[in-house]
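>>> Quick one, what's the 3D model for this:
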Amino acid sequence: MIGSEIKKDETYKRNEEFNKRALKELEANAKQVMLGGGADAVAKHKKKGKMTARERIGMLIDPKSKFIEVGLFTAYGMYEEYGGAPSGGTVFGIGKIHNRDVVIVANDATVKAGAWFPITAKKNLRAQEIAMENRLPIVYLVDSAGVFLPMQSEIFPDKEHFGRIFRNNAVMSAMGITQIAAIMGPCVAGGAYLPIMSDEAMIVDKTGSVFLAGSHLVKAAIGEDIENELLGGASIHCEISGVTDHKMANDEAALKKIRSIISKLGHFPVAGFNYEKSSKPKFDPKEIYGIMPAERNKPYDTYQILSRIIDDSELDEYKTGYGKTIIAGYARIDGWAVGIVANQRAITKTAKGEMQVGGVIYSDSAEKAARFILNCNQKKIPLVFFQDVTGFMVGSRSEHGGIIKDGAKMVNAVANSVVPKFTIITGNSYGAGNYAMCGKAYDPRLIYGWHSAQIAVMGGKQASETLLAIKVQAMEKGGTHISAEQQKQLLDEIQARYESELDPKYAAARLWVDGIIDPLETREIISRGIAMANCNPNIAEFKTGVLQV
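Residues are numbered from 1 along each chain as shown. Just a heads-up that it's a prediction; the model follows:
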């Protein structure tokens, strides 16, 4: 067993108060985002006889089941010149329908009539990626006015833009992944292809419509005068064109129909990841609030964090006395067998008596982690990364010792890993440490941050001082002398801007992480993630390519 009882002294209480306050602020931010376009927009939406996106999802999923939302803070603080776009105008996540995990994507028509911003396309592509990686059915609840025209150049033509979604529709169909669409509002132009390229499409009478061009554009293009309902309403597409498969009386009927279809889906082989009855940690998970330091540069013992997350607080550790700034070992989380790779934030001592800084990856740590990742791939054990990393060790001793070579081994192992990977950013996520510890670029099935997460090339103090030095050098080169007082003012301005970019909501807004969670949600997120990954039995052969030795 790892971990121990914690002394609840003044430091513990200060940490606990700080973390609880931060989580309370985050909860208030989340509630504001969930209002979508605001009370007036919601009232107008409901006046049309429609449910909101979140109400639709609530009725679609199993009663009392938990919806794992992805991208709640999408677009947070973005597009302010256009009035903002809470959640990017789309609500998406993984929900249970007849006890089966299903990816659900719902346009929020209270936000700019459900129009697509550039980040909306990225969010929808993430939804399809999760469905494809885990072979999960996907449901689209369509209610959108189409592309947000003022930003069309940033959403329309590129590989990762709007058209990629329809390409994925076709690929997913060929993969045998069930796609069901309900047209519950407007579905216009290119967006019309999404529901119609799904396996089964239904349309809500009087509120749903689908056409390549609406009545105004038709009038302008060919001079025909026709109402939208007669152009592409439910009766037209269910009784004349045959474009849609089911005509539904209202939102509730459409959602019940989707549940009925999902209930009859066949079951496929699973990956077979090891599972036993779940056990709770031996120590109270709420104590994480008191362990995580209020001052992020302070060390702490990562074993104490892990002991409040893993089953029975039992870790079968790998190379315990070697490469101590990374903890590696086998454990269970909510019954699922996992391989854990975690940054140790405590200051450690090597066998030679040398002190090692917590959160820094040294050569021995990188080598140990790479070998452990190979083992997990051989044993078909999913990997869970707990990131609180300031980067790789620098300096002449590390460079002469081959830190780049050893770091490359670890990055190679992570990049080529074929078992499902899950990443939780608990604190710092800086520089190449983000890559080696399975950041977003390395295809984790899910990646979430705690309220204490920060993602950047380097920490705020180092970055600000570096940026200041560059700016001062450039100004003095141009003949402008900068006084100490002016330098301090510049540093404060640079630091304020940089610190705002370190806020976890900044990362979540851009989908660098799938969301920000309370530490107490960690077990459930990982457990649900492995359960959905278990739905895809197709695990590729593990190959590492060339490794520097």
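
>>> all helices of the stretch 251-400 of the chain, in order?
Ranges of helices in the stretch 251-400 of the chain, per DSSP state H, counting those that start in this stretch, are 251-263, 288-291, 302-306, 363-379, 396-400.

>>> and of the ones you listed, who's closest to P537?
helix 363-379 (15.8 Å; CB to CB). All C-beta atoms are positioned from the backbone trio N, CA, C, and that covers glycine.

>>> Please name every helix or strand in contact with that closest one.
Counting contacts by 3 or more CB pairs under 8 Å, 6 or more residues apart in numbering; DSSP states H and E, helix 363-379 packs against strand 326-333, strand 336-343, helix 403-416.

>>> How about that helix, which residues are buried there?
Buried residues in helix 363-379, counting neighbours by 16 or more other CB atoms under 10 Å, are found at 363-374, 376-377.

>>> counting contacts, what elements does the host helix or strand of F166 pack onto?
Per DSSP states H and E: F166 is located in helix 163-175. Based on contacts counted as 3+ CB pairs under 8 Å, 6+ apart, the elements that helix 163-175 packs against are helix 118-134, strand 179-188, helix 193-196.

>>> how about the protein, which residue sits the furthest from its center?
Ranked by distance from the centre of the chain (CA atoms, centre = their mean), the top residue is G479, with 47.1 Å.

>>> Sketch out the low-pLDDT regions of this structure for me.
190, 400, 459-464, 547-549 (pLDDT under 70).

>>> what do you get if the cut-off is 80, keeping everything else the same?
For the chain, the stretches with pLDDT under 80 are 189-191, 394-402, 458-499, 545-549.

>>> and the longest helix for it?
Counting residues, the longest helix found in the chain (DSSP state H) is helix 10-33.

>>> Now the element after it, going C-ward?
helix 39-47.

>>> Now that next one: buried residues?
Quick answer for helix 39-47 (16+ other CB under 10 Å): 41-42, 45.

>>> closest to F117 among these?
A41 (16.0 Å).

>>> I figured the closest one was touching T110, is that so?
Yes - assessed by CB atoms under 8 Å, A41 is found in contact with T110 at 3.9 Å.

>>> what's stretch 219-232 in contact with?
Identification of contacts with stretch 219-232 by CB atoms under 8 Å, 6 or more residues apart in numbering yields 206, 209-211, 213-215, 218, 235-236.

>>> then it to CSV, C-alphas only?
Written as CSV, here are the backbone C-alpha positions of stretch 219-232 (Å, rounded to 0.1, in the frame of the first residue of the first chain):
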residue,chain,number,x,y,z
LYS,A,219,-35.5,33.4,-54.6
ALA,A,220,-32.2,35.2,-55.3
ALA,A,221,-30.6,32.4,-57.3
ILE,A,222,-33.5,31.2,-59.5
GLY,A,223,-36.4,33.5,-58.8
GLU,A,224,-38.6,30.8,-57.2
ASP,A,225,-40.9,31.9,-54.4
ILE,A,226,-41.4,29.2,-51.9
GLU,A,227,-41.7,28.8,-48.1
ASN,A,228,-39.0,26.8,-46.1
GLU,A,229,-41.6,24.2,-44.9
LEU,A,230,-42.6,23.4,-48.5
LEU,A,231,-39.0,23.5,-49.6
GLY,A,232,-37.5,21.1,-47.1
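
>>> That stretch: how far from the chain's middle?
41 Å (CA atoms, centre = their mean, to the nearest Å).

>>> got the buried residues for that stretch?
228-229, 231-232.

>>> Quick check: the farthest pair among those residues?
Farthest pair in the buried residues of stretch 219-232, by CB to CB: E229 and G232, 8.0 Å.

>>> Quick check: closest non-adjacent residue to V270.
Leaving aside its sequence neighbours, V270 sits nearest to N534 (CB to CB, 6 or more residues apart in numbering; 5.0 Å).
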